Structures are given as C-alpha cells and as structure tokens.
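**Student:** What shape does this take:
(2 chains)
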Number of protein chains: 2
Amino acid sequence: MEANVRDVEAAERASEQGELSPALVRRLGLTPDKLDSLCDGMRQLAAQKDIVGHVVEHRELDEGLVLQRITCPLGLLGVIFESRPDAVPQITSLAIKSGNAVLLKGGREAVHSNRALVEALRVVLEKHGVDGAAMGLLEDRSEVAAMLELDALVDLIIARGSGAFVKHIMANTNIAVMGHAEGLCHLYLHDSADAEMAARIAVDAKCSYSAACNAIETLLWSDGSGAAMARCVEALREKDVEVRGCDKTRQAVAGLIEATEADWSQEYTAPVLAVRYVADVDEALAHIARYGSKHTETLIAQDKDVAARFLAEVDAACVFHNASSRFADGYRFGLGAEVGISTGKLHARGPVGVEGLLTYRWLLEGNGQISTAYGPGKKQYQHKNLL
Amino acid sequence: MEANVRDVEAAERASEQGELSPALVRRLGLTPDKLDSLCDGMRQLAAQKDIVGHVVEHRELDEGLVLQRITCPLGLLGVIFESRPDAVPQITSLAIKSGNAVLLKGGREAVHSNRALVEALRVVLEKHGVDGAAMGLLEDRSEVAAMLELDALVDLIIARGSGAFVKHIMANTNIAVMGHAEGLCHLYLHDSADAEMAARIAVDAKCSYSAACNAIETLLWSDGSGAAMARCVEALREKDVEVRGCDKTRQAVAGLIEATEADWSQEYTAPVLAVRYVADVDEALAHIARYGSKHTETLIAQDKDVAARFLAEVDAACVFHNASSRFADGYRFGLGAEVGISTGKLHARGPVGVEGLLTYRWLLEGNGQISTAYGPGKKQYQHKNLL
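**Tutor:** Numbers count the residues shown, from 1 in each chain, chains lettered A, B, ... in the order given. Next up is the predicted model:
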C-alpha cells in the first residue's frame, strides 16, 4: 500500500499538469478492499483442480506400445499490460497455476506498486519451493524490445491494451501474440425483436463499460424493427450516448449525427454508437462479415429460425441471441480467471481461461518397437483407446 | 493418369539434363495402385464421424442463459506443398472434412496432374452440393505471394517442404503458418539401455526414411552405454549410414568421421548420423534442450526412474521411451489422416490430425439477460455444466 501511495501521488501531480488522464490515476489506486478481492481471486484459482499433467488422450497403438497426450505449460510467457497494478498478481497467478514462467511489463506509472507486488509474490513462490526467478519484472521499453526478439525462448506474448497497441506488438515480434485486439461488435435487431428487450440489451451492451472490447459499436435494424431501433436510441440518449445514423436511420429518428462509411469500421471505446439500416438478414450478415472484428455478434429476435441461422452463420468468437454482448468474458462464461479475449482463430478463441496457457506433449512408451514392423502383410496397429 | 504421364515424361527429360533429381521424378509418378490407395484413404476419412458442429462445452450461466462451445472450420486454408500430386486429394479431403475451403499450390512439375485431380475433385464436390470454388489451384509463385498477403481472408497457411522453405514462408506472411519445420531429433542411450533394442531402434529411426522429419540426427551415449552405442554404429554402418563422432566417440569406435559443433545443429535429411558422448542424464537433457527442435526425443533405457524423468522433463512435441522416433506420425498415432507435424506449441502440437483444422465458436442463447443484473448483492451466475 505504501508503494502504491507513491505511484498514486506522482500520478496525481502528473494529472494536475495534464500529463495523465484522471481515469488512469483512478485505475492506478489500490485499496485494502481491492487487495482483499485480488487475494480472494488468487485463492480461488489455487483451489481449482490442477490442470497440468492431465491425460487428454490415452491409446494403445499396439500391445505394449502406449501413447498418451498430456497437458503441459507453454513455457515462458511475456505479458505487457496497462497501468493497473492489479494485473501483476492476476497474471502471475494464472501463469504459475499453468506451470509457466512469466516476464511482466506494466505501466511505468505503477513502477513502485509493481516492484512491491513482485517482491511479495516472490516470497510466496519461494516459500512453496518455486524459484523466484519464475517471474521477472521489466521496467523500460528497451527491455520490452529485447524480449520481443527472444522468439527462441518466449513462447507466447500476451498484450493487453488498445487495439493499436496490440497491433504494434504483433508487428514487432515473431513470437505468437495473444491480445485483446479490436472488438467491433454489432447488435442486430431483427424484425421480430422485442423492443423493450432490445433497449435493455443495447444500454447494457453500450453503456455498462463503453471502452470494453465486448461493448457494441454498431446497431443494425430493418423495416420491421424500426420501433425497436427507435426505443434503443431513446434509451441510449437518456444515458448520454452519442448516436450516429445512416440516412434511413436519420429519416426514422430525428436529431441524429450523420454516420459516414468510416463509422462502420470504428471501435469507439466511448459512449458513441452508429446505427445502420439493413434490408434483411442477408444484408445484416454481410455487414457483420465485412466490418466485424470476429469478437462478439448479437441478434435480438423472437423468430427461432432467424436465431438458428444467425448462430450458425456468423463467423465470430462469440455469437449471441437475446443476451448482452457484455457476457463475452471469461469470468461470466465460468472459465475462472481470464487471460484475455482472443479474436484470432488459432489456439484459443474468445474469452481465454487459464487452459489457454497450456499446450501438450505426446508421450509414447514401448518395449523396443520399430515402425518398419508395421504395414501391409506385417503387424497392424490396434489404436485401442484407453480413456 | 494421362495427365500424370505428361508430367512424368517432362520430368524425366529434365532429369536426364540434370535439372531435376531422380527422387523427385519418382515422387511425381502416380500408379493405379497409388490412386486406389488414395481413394481408400479418402473413403476412410469420409466414413469417420463428423467433427464440425460438435458441442465441446455446454453450460447454463444462469436460468435461461445457456452457453455452448462448438467446433467449426477455421475458414480458408492455404496449402503449399511439394511435387507429389498425391497431396492434392489428401489435403483437399482433410480440408473438406473439416468444412474448410482451400487454396492449393503444388510443385510446378506436377501441373498437369494437379489440374486433372482438381477437376475430378470439383466434380465430386458439386455432385454433393458443395461449390467447386471451395478449392482453388494456384500455379505460379506470384499467386503464392499474393495469397500470403491475404491475412484478412486466409486463416492458416500449411507449408510442407524443407525447414528452410517453411521458414521462408513464415518470414513472408502475417498469416499463421503450420509447417513441417525442422526435425532435429535425438536418440539417447542411457547406461541401462539394451544394446540390441538400441541398435534395432537406431536403424529404424535413421534408415527407414532418412529424409523424414521424425528421423534421428544425433545419438547420445554415456559411459555405461558404450557397448550399446558401438552396436548401434555397427548396425548403422551395415546400412551405409555415415557416422560422425565427437572425440570420445571416436576413441571408442574406430574409423568415424569427426563431428564438429555444426553437426549438433544439423538436420541431415540423409543417411548421416552424429554421435556424441554425454557424461550423464543431466548432460543429455541439456544437449537436447539446446540443440533439439522440440519435435521427437527418444530414450532407450531399462531404468524406470530415468524413463520417468526423461518423459517428464523433455520439452518436445513427442517424447518416446524404448520406441522408434518414426512412430511420430498422425496415422501411426491413430489420428487418421495427417495434416502435418507441428513443432510450434500453440494450437496443435506434434502430429496434427484433421481436428487441427478446426476452431470453435461460443454460442450464447438468452431471453433478454443483461450483464449489469449480476454481481455482489444482485443475481449470481450458476455456471452449471450440462455436458
């Protein structure tokens, strides 16, 4: 707490001089309550069953030749995160739970907090027989640049921050990057949408945390859902959301700012929403395919056939029907602690739990078997599953 | 077959002029038997259960708010492969079985064979209601370069060929690449190794197909396994393998070529083997960690504790005990058809079956739920697993 006070005081001075945003100063502060809830989260993770060394496949290839696929850590993680010092214990506990070593780089505003947290965590690790060197703290940008070069040693970079920041990291390393990349999420009101449900979900999906990657950026509507759209716009404006509309939308609802082509591709990370008319489901799906970031796409509809089609056809990590896009979250999904939300398709997709920090190894035990003994007219593989 | 004859005849002429290796000409040829066995493989794959749309997780987050994680295709695959025209039906069937579209680029020596195969496969696809455009054939390098730029459209590049070729592809695209990268595999003879078993496995692992990525390149031995090593060298020389040794090895066995530092890092893809003395298990593990490519590492030992340690500590896709490294193969592992062998740790590791061409989507169905209704003092998540 003492170390954190130093950081917060320095940040407040910088904020008074306009060098830091008040929001950043708020994120920087630790309170006894926050620390308690961090400890709580770590204890929950510690109490979960072990995920390393789990036998995923077990197969007798032939008599006395037994194959197992078992989970194991990726190895060494490099994690680059924003100013919140809470991230240090959260990320470290995810890394250690999955058997990984971790290099941490936090915001420089949190340097004293991060040092104190790393010191405390190292004491715990060593008390439990884990080398304190399993976690390392990087403090300046040249160290990050050096880490990004270590593609033979670092197995995964986790980058938390803005889409632009994640892209910058990806462009500067050959190491695989898992990142909270862009979240350009749509809410489509089908003709059969319930207007009150639509408004409730639109407000939750835009206003509960407008900077979140799972917040919506664009609302789509068709002829039959004009009333539902108008109800959404009304409710959003009550929450001071800036609503921008296409021509058809502005004809239907007065007083909207004009949306341009650029709006369909923009993640506002702010209380701003674009609204666009689409002729039908086909056009809605085409708009989503073209402008979406494959994060979370939501349909509001009472029509079950339309829901089935939307759920089947939209290519995104999360596809929702009659529920807020804000549920796209590891904790809410029941994955326990969350590593991040991935918009890539390989390895882990969408909200990533601690399992996303694992890979596996194939272990084969025999008693002298050779491959040339098998084949047509020779020994045959049995491939008998033992699990 | 007619088209293939054209390719083979042209290749034979090129070979006579020293422009193509005889091995390449051999790989190019299709026979009725080879075609039959290709068809057989495709029928087997077709007969396997559907892998797309499989529900992997099913969880009630709260009453009426149900989450599913279901498998789905990656989308569009780009596959760049060597001259064997067999690869066209093999890869296409893997792609179609997993619901993916595919762009194929084969060797230019096989151009007529590949065109004929693609034409035949398109007829089959369209007969079964699949758009023939689900497969595309690229014929020159500029088309490959263009494909490698399409990171917004192509979801995965599969590169088959030499390690250098795979690295070249990786260096020239932002798309994820799954490749038969380097296979620098070791065979370690522990003091407790059975000499005859060691020799049998060494010959299988080196000679059954010395250009394979799962062939061994280096044999390690210690004081107690000198006799087993000598037996291996004798058996390998009988098979005309060129054996190179470190100083200690050359003192133990006469007439070996001197191995230099460069040998420990070299994938020969030829009947050549390097042999090195290591003081003990620690040194063997250190050598493997330093020079291995994380593909397949094999121990020969009767000592169960050593086997347990080797299996636990070696970081490689495949870790074997008393079995040939050549078993590291999707078919031999019982995965059905093989996409390739990945030495990366993310997504799929080691032999990759058709499941490696899948990702998943999270589908959430509710009846109007919003995220802000949940939290301390509000509604609680149930997270009830339904699978």
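**Student:** Tell me how far residue A:42 lies from residue A:302.
**Tutor:** 43 Å (C-beta to C-beta, to the nearest Å). Any C-beta I mention is one placed from the backbone N, CA and C, and that applies to glycine too.
**Student:** the more surrounded of the two?
**Tutor:** Comparing residue A:42 with residue A:302 by other C-beta atoms under 10 Å in any protein chain shown, the one with more neighbours is residue A:42, at 20 against 14.
**Student:** Could you check how far the residue nearest to the more buried one when sequence neighbours are not counted is from residue A:46?
**Tutor:** Spatial nearest neighbour of residue A:42, excluding adjacent residues (C-beta to C-beta, 6 or more residues apart in numbering or on different chains): residue A:93 at 4.6 Å. Residue A:93 is 7 Å from residue A:46, where distance means C-beta to C-beta.
**Student:** For these two, indicate the residue with more neighbours.
**Tutor:** Neighbour count, other C-beta under 10 Å: between residue A:93 and residue A:46, residue A:93 has more, with 23 against 10.
**Student:** sec struct for the more buried one, please.
**Tutor:** Of the three states, residue A:93 takes helix under DSSP: H, G, I helix; E, B strand; the rest coil.
**Student:** now residue A:110
**Tutor:** helix.
**Student:** contacting residues for it?
**Tutor:** For residue A:110, the contacting residues are A:7, A:28, A:83, A:84, A:85, by C-beta atoms under 8 Å, 6 or more residues apart in numbering or on different chains.
**Student:** part of a helix, is the first one?
**Tutor:** Same thing as residue A:7. Yes: counting by three-state DSSP, residue A:7 falls inside a helix.
**Student:** quick one, what contacts it?
**Tutor:** A:28, A:85, A:109, A:110, A:111, A:112, A:113.
**Student:** One more: the fourth one?
**Tutor:** Contacts were defined as C-beta under 8 Å, 6+ apart; by that measure residue A:84 touches A:27, A:28, A:107, A:110.
**Student:** Just the ones in strands from those residues, please.
**Tutor:** Judged by DSSP state E, the contacts of residue A:84 include no members of strands.
**Student:** what helices or strands is the helix or strand containing residue A:219 leaning on?
**Tutor:** Using DSSP states H and E, residue A:219 sits in strand A:216-221. Applying 3 or more C-beta pairs under 8 Å, 6 or more residues apart in numbering or on different chains; DSSP states H and E, one finds that strand A:216-221 contacts strand A:185-189, helix A:195-207, helix A:226-238, strand A:272-277, helix A:281-291.
**Student:** Which among those is found nearest to chain B?
**Tutor:** Nearest to chain B, of all these, is helix A:195-207, at 3.6 Å by C-beta to the nearest C-beta.
**Student:** Can you check what angle separates that closest one from strand A:272-277?
**Tutor:** Angle, helix A:195-207 to strand A:272-277, by axes from the mean of the first three to the mean of the last three C-alpha atoms, to 10 degrees: 140 degrees.
**Student:** hmm, helix A:195-207 in reach of chain B?
**Tutor:** Yes: judged by C-beta under 8 Å from any C-beta of the partner chain, helix A:195-207 comes into contact with chain B at A:197, A:200, A:201, A:203, A:204, A:205.
**Student:** Of the residues you listed - the most surrounded one?
**Tutor:** With neighbours defined as other C-beta under 10 Å, the most crowded of those is residue A:205; it has 33 neighbours.
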